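# below are the sequence and a predicted model; questions follow.
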Amino acid sequence: MRTHVVDHPLVAHKLTTLRDARTDSPTFRRLADELVTLLAYEATRDVRVEEVGITTPVTDTTGVQLSRPRPLVVPIIRAGLGMLEGMVRLLPTAEVGFLGMIRDEETLQASTYANRMPDDLSGRQVYVLDPMLATGGTLVAAIQELIRRGADDVTALCLLAAPEGVAVMERDLAGTPVTVVTASVDERLNEQGFIVPGLGDAGDRMYGTV
Ligand SMILES: O=P(O)(O)OC[C@H]1O[C@H](OP(=O)(O)OP(=O)(O)O)[C@H](O)[C@@H]1O
Ligand SMILES: O=c1cc[nH]c(=O)[nH]1
Ligand SMILES: [Mg+2]
């Protein structure tokens, strides 16, 4: 597994406002959307393309187009939904699958309550969207399911990651073709399993349920 931290002043600037407890839900959603587009630029660096011939007004030439099978984008409901538009804006032809997952607030164990994905992901590149990589339980379970269905290249886009979660992913997904792209690896997890300094509960802040 590989971790890539997008080190860019625009990303750091937007992330700072996203973290700020005074930022309201509409602004939080807009910033999450903008950040995804910036992360997606890095996350899609190895998206598969094939050569295509075209004719410009001046001459014949060759360019590239996204290869088939199309990439699959999988937002982890709920908070990951806030990253979907920003991602498909860059990859408009991608197919979209959905995973609904919730982390028990006491045990911090993740469980799946909704699953709407193609059964066969053989040869597919998959982009998983989840703003928070905390203990890693949610993303490990999601990615293991994608690999079980045949995905051969998985990239997770996370706004924030905790070092503990990255370590769990490295342990549980060792030897798998997985990349995590994030805007920041923060300091640590607190006793409640929240990322520190973090931004709080991403789903609550995104959908105004605080
Ligand atoms: O790395 P982990 O420790 O598993 O935690 C990360 C998960 O926690 C949050 O989801 P939550 O359970 O709050 O669901 P929600 O998106 O519906 O708010 C977040 O959106 C991640 O999916
Ligand atoms: O800090 C955290 C950890 C898990 N889920 C969140 O939404 N925030
Ligand atoms: Mg939540």
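Structure received. Predicted model, so just to flag it, every value in this text is computed and none were measured. Ligands and ions are numbered 1, 2, ... in the order given.

# and the protein, which residues reach ligand 3?
Those residues of the chain that sit near ligand 3, judged by Cβ under 5 Å from the ion, are 201, 203. The C-beta positions use only the backbone N, C-alpha and C, and glycine is treated the same way.

# for ligand 2, what are the nearby residues on the chain?
Applying Cβ under 6 Å from any ligand atom, one finds that the chain approaches ligand 2 through 79, 132, 134, 193-195, 198, 201-203.

# try it again at 8 Å.
Residues of the chain found near ligand 2 (Cβ under 8 Å from any ligand atom) are 79, 103, 131-132, 134-135, 160, 162, 189, 193-196, 198-205.

# where does the protein have low pLDDT?
210 (pLDDT under 70).

# now it against ligand 3: closest residue?
Residue of the chain nearest ligand 3, by Cβ to the ion: G203 (3.4 Å).

# then G165 would be within a helix, right?
Yes - counting by DSSP: H, G, I helix; E, B strand; the rest coil, G165 falls inside a helix.

# what helix or strand is the residue of the chain closest to ligand 3 on?
helix 202-207 (DSSP states H and E).

# how about that helix: buried residues?
Neighbour-count burial for helix 202-207, counted by 16 or more other Cβ atoms under 10 Å, picks out 202-203, 205-207.

# over to stretch 26-39?
Of the residues in stretch 26-39, those buried (16+ other Cβ under 10 Å) are 28-33, 35-36, 38-39.

# secondary structure class for V181?
Going by three-state DSSP: V181 is strand.

# partner residues bridging it?
The bridge-partner assignment for V181, based on DSSP bridges, gives H4, L157.

# residues touching it, list them.
Applying Cβ atoms under 8 Å, 6 or more residues apart in numbering to V181 gives the contacts 4, 6, 39, 42-43, 155-158.

# again, but for A32
Going by Cβ under 8 Å, 6+ apart, A32 touches 18, 82-83, 86, 131, 159, 202, 206.

# helices - which of the residues you listed land there?
Those of those mapping onto helices are 18, 86, 202, 206, per DSSP state H.

# please list all residues in contact with the first one.
Which is L18. 28, 31-32, 35, 159, 199.

# and the longest helix anywhere in the chain, how far out from the chain middle?
Longest helix of the chain, by residue count under DSSP H: helix 25-43. Put simply, helix 25-43 sits 11 Å off its chain's centre (Cα atoms, centre = their mean, to the nearest Å).
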